[in-house]
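> Give the three-dimensional model of this entry:
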Amino acid sequence: MLFTVIENALKTCAKHLKALDPANNDNGEVESYLVGGLVVLIVSEYEDYLESVFVRRAEKCGDACAINFIRNTLSQKFRSPDLSKITTTLKNFDVELNKEFRSDIQDSPEMAAWDSLMKARHAVVHKKGSLKLTFRDLMDNYEQTKKVIIAVENTLGVGNTTT
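Sure thing, here's the model as predicted:
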């Protein structure tokens, strides 16, 4: 499984949430703290992985200098990788790649889940807005957002290694 760190964290948190005393009114607060930490973890893992996907595509050219340039450029670009950053990067590779990716995810549940995850990250990290995700919501969004990663891989022709 590719996102082992995320999967293990989700399992551990699910186990702890299940063990909470339902009569305790603080459970919602505990859940919120766990979800906040998980959101940051998921987005961090996605940042690193998306960079590696674009670098894998660049490696197809075989030019070490170009690959290094792309790697260094992307490491600055993909902090909190909202969809506009992904589509802009695809467009910088090729306008048609951007169109292909957008046609795959435009107005989809996957796109909504990705946006929700990025908004949740901003709420946690920058204290902009409030974290409105439950653990169940986060689990659902996580499953949907993995499909965005797969769409990026497929668009770039670097294979589907996330399942």
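> helix/strand/coil for Lys132?
Taking DSSP: H, G, I helix; E, B strand; the rest coil as the rule, one finds Lys132 in the coil state.
> ugh, wrong one, Asp107
Recorded secondary structure, Asp107: coil (three-state DSSP).
> center of the protein, which residue is that?
Residue closest to the average C-alpha location in the chain (C-alpha atoms, centre = their mean): Tyr46, at 4.0 Å.
> my guess is that one contacts Pro81, does it?
Yes: Tyr46 sits in contact with Pro81 when judged by C-beta atoms under 8 Å, with a separation of 6.2 Å. Backbone N, C-alpha and C define where each C-beta goes, glycine included.
> Just list what the one helix or strand in the chain whose mean pLDDT sits lowest packs against, helices and strands only.
Of all regular secondary-structure elements in the chain, judged by mean pLDDT, DSSP states H and E, the least confident is helix 64-77 with a mean of 89. The criterion is 3 or more C-beta pairs under 8 Å, 6 or more residues apart in numbering; DSSP states H and E, and the helices and strands that helix 64-77 contacts are helix 27-59, helix 83-93.
> Can you tell me what sits against that helix?
With C-beta atoms under 8 Å, 6 or more residues apart in numbering as the test, helix 64-77 has contacts from 50-51, 54-55, 58-59, 61, 85, 89.
> Appreciated, that's everything.
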